[in-house]
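Enquirer: generate a structure from the sequence data that follows.
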Amino acid sequence: MAAAGLTAAALAASFLWQPKPPRRPEPAATPLGWRGQVELLGGDGVAGDAGGPGPRSRFSDPWGVALDAGGMLYVADAGDNNRILRRWLDGDFRLLAGGREGFADGLGGAAAFNTPSGIALDR
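Expert: This is a model prediction of the structure:
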């Protein structure tokens, strides 16, 4: 009879008590006291050439990234793509320049790059 009572008490406790999920350790603070965080903004881990919404976008070999004061992200996508993409505030990646291998000045797809691997912004 004692075993049945103990079993009933344990079963009741399992419905009443909710265990707390384990705490995720916080990242170590930088020398300035900042806590690093990483968030996936684009790509799905498969190489490709696709713009559009972040999770559906694909890159060949993204090297350089830059963020402007307004929150726009720029990506130098080297490898087979040879292009510069801009991530709009709506989360979509769109072609800014390039898309073919070579050396050519021009707007949009008229520009050509050979493995763009860095990007910088100014005023």
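Enquirer: tell me which residue is most central in this protein.
Expert: Leu40 (2.1 Å; Cα atoms, centre = their mean).
Enquirer: could you list the low-confidence segments of this protein?
Expert: 1, 11-15, 17-19 (pLDDT under 70).
Enquirer: all the strands of it, residue numbers only.
Expert: Remark: strands assigned in the chain by DSSP state E are 52-53, 61-67, 73-78, 83-87, 92-98.
Enquirer: adding distance to Thr115, write those out as JSON lines.
Expert: Just so you know, the C-beta spots here come from the backbone N, C-alpha and C atoms, and that holds for glycine as well. Conversion of these to JSON lines gives the following (distance: least, Cβ to Cβ, whole Å):
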{"stretch": "strand 52-53", "distance to Thr115": "23"}
{"stretch": "strand 61-67", "distance to Thr115": "8"}
{"stretch": "strand 73-78", "distance to Thr115": "4"}
{"stretch": "strand 83-87", "distance to Thr115": "11"}
{"stretch": "strand 92-98", "distance to Thr115": "11"}
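Enquirer: and of these, who's closest to Asn114?
Expert: strand 73-78 (8.8 Å; Cβ to Cβ).
Enquirer: that closest one: partners in the sheet, and parallel or antiparallel?
Expert: In the sheet, strand 73-78 lines up against strand 61-67 (antiparallel), strand 83-87 (antiparallel) (DSSP bridges).
Enquirer: just to revisit the earlier point, contacting residues around the residue nearest to the centre of the chain?
Expert: Gly54, Pro55 (Cβ atoms under 8 Å, 6 or more residues apart in numbering).
Enquirer: mind putting the strands of the chain into JSON lines with mean neighbour count and distance to Gly106?
Expert: Listed next are the strands of the chain as JSON lines, based on neighbours: other Cβ atoms under 10 Å; distance: least, Cβ to Cβ, whole Å:
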{"stretch": "strand 52-53", "mean neighbour count": "12", "distance to Gly106": "23"}
{"stretch": "strand 61-67", "mean neighbour count": "15", "distance to Gly106": "20"}
{"stretch": "strand 73-78", "mean neighbour count": "22", "distance to Gly106": "17"}
{"stretch": "strand 83-87", "mean neighbour count": "22", "distance to Gly106": "12"}
{"stretch": "strand 92-98", "mean neighbour count": "19", "distance to Gly106": "8"}
